[in-house]
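[1] test case, fold it:
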Amino acid sequence: MSIIRQLVLIFAVLAIGFGAYWASHTKESVQEAPEIMEKVRLAVPKGVITAPVLLAQSRGFFAEAGLDVAWEDEYSSGKTAFEAMLRGEADVSVVATTPVVANGFNRDDFFIFCTFTTSYEGVKVIARQDLGVKTASDLKGKTVGLVPGTISQLFLDSLLAYNRILPQEVNTQPIKPQNAADLLKSGEIQAVSIWEPHAYTALKDNPGRAVKVPSSSVYRISICTASTKDFAAKSPNVLKKIVLALKRTTGFMNDQPAQAQKELGELINMDQEPLTLFWKETSFRLSLDQVLLMTMENEAAWMVENRYRDDRLIPDFTRFVYCAPLEEIEPQAVTIVRQKG
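    Residues are numbered from 1 along each chain as shown. Have a look, this model is predicted:
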């Protein structure tokens, strides 16, 4: 073999070896590249019905999805968290459908992009049986506490309508959620329409006197994540990362309920017994389904019929549901019927 051919062979071997080393080193560097952390301000009411979001934060799932979350959980309801988002104080909020519907009559700069908790028992009417209230029919002439403009008010009205009781046949009193148990205990109100964990507290603090009024599954609550359309346009990956973290969290909650209940109990200072009951009454899964739309339409009709809104035209609520983030992460979870074209 000539010297030239030997040199060519040597250079070829060296080139292949260097190329392999460079490719391996580059691949390793790419794999080790840190996740780009995207900032998001999240407004969430701290309670059992927002469990997936609370656990996603405490277990580090948001951070592992690439989110740097500015966390605010001192809101008393989804309504106040949602309104904070609309004021520009947060980018994403956790909310039930009622505040979304109420604001949908006069603005359309926001939408729901994921539902993660649904239940027919998430809101309850707790009543003082020793003051004569055991069933819905007993509510006539009694004073019932509620949180105006929330699922508390809607649930009570739905229960009354289901039992053919006119709203004016019941006296209502606006309350703050955290005061429900004390007001019921004092007798200032004889019943209260409230969500968990306040419903459980009202029962626990009135042993032998308080009962749950049968509701016949009159209303499904849906707890959702919502954002402004402007934020979604500027930070589309943030919404997808939130969905990814919630998918991981709901999987954990369903696969390891005892551990999830233990961790949640520590976060919201709640005993194991009510958490076990709540798990049985609640579905933790990601969705955007037709029932969600039907619920919002029914809520809008309720608001118009009861003159909580002057508008007579029901908004098109498909404009308030953004399917893209969930559709990309878990397409089978999106079952909303949409018009083509």
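[2] ok, G47 to P257 distance?
    Relative to P257, G47 is positioned 18 Å away (CB to CB, to the nearest Å). Quick note: C-beta positions are derived from backbone N, CA and C, even for glycine.
[3] neighbour count: these two, which is higher?
    G47 (23 against 15; other CB atoms under 10 Å).
[4] residues contacting the closest residue to that one other than its chain neighbours?
    Using CB to CB, 6 or more residues apart in numbering and skipping the chain neighbours, the partner closest in space to G47 is P197 (6.0 Å). Taking CB atoms under 8 Å, 6 or more residues apart in numbering, we find P197 in contact with G47, V48, I268, M270, P274, F278.
[5] dump those residues to JSON lines, plus secondary structure and distance to L292.
    Below are the contacts of P197 laid out as JSON lines (DSSP: H, G, I helix; E, B strand; the rest coil; distance: CB to CB, whole Å):
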{"residue": "G47", "secondary structure": "coil", "distance to L292": "20"}
{"residue": "V48", "secondary structure": "helix", "distance to L292": "20"}
{"residue": "I268", "secondary structure": "helix", "distance to L292": "25"}
{"residue": "M270", "secondary structure": "coil", "distance to L292": "27"}
{"residue": "P274", "secondary structure": "helix", "distance to L292": "26"}
{"residue": "F278", "secondary structure": "helix", "distance to L292": "21"}
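[6] closest one to P325 out of those, please.
    G47 (24.0 Å; CB to CB).
[7] I figured that closest one hits I268, correct?
    Yes: using CB atoms under 8 Å, G47 is in contact with I268, at 6.5 Å.
[8] okay, now G265: neighbour count?
    Residues lying near G265 (other CB under 10 Å) number 16.
[9] what do you get for S235?
    There are 17 residues near S235, going by other CB under 10 Å.
[10] do I have it right that it meets G66?
    No: applying CB under 8 Å, one finds S235 not in contact with G66, separated by 11.6 Å.
[11] any shared contact partners between these two?
    E38.
[12] flag the shaky bits of the chain, pLDDT-wise.
    1-35, 309, 311, 339-341 (pLDDT under 70).
[13] hmm, 80 instead?
    1-35, 73, 216-218, 306-312, 338-341 (pLDDT under 80).
[14] that concludes my questions; thank you for your assistance.
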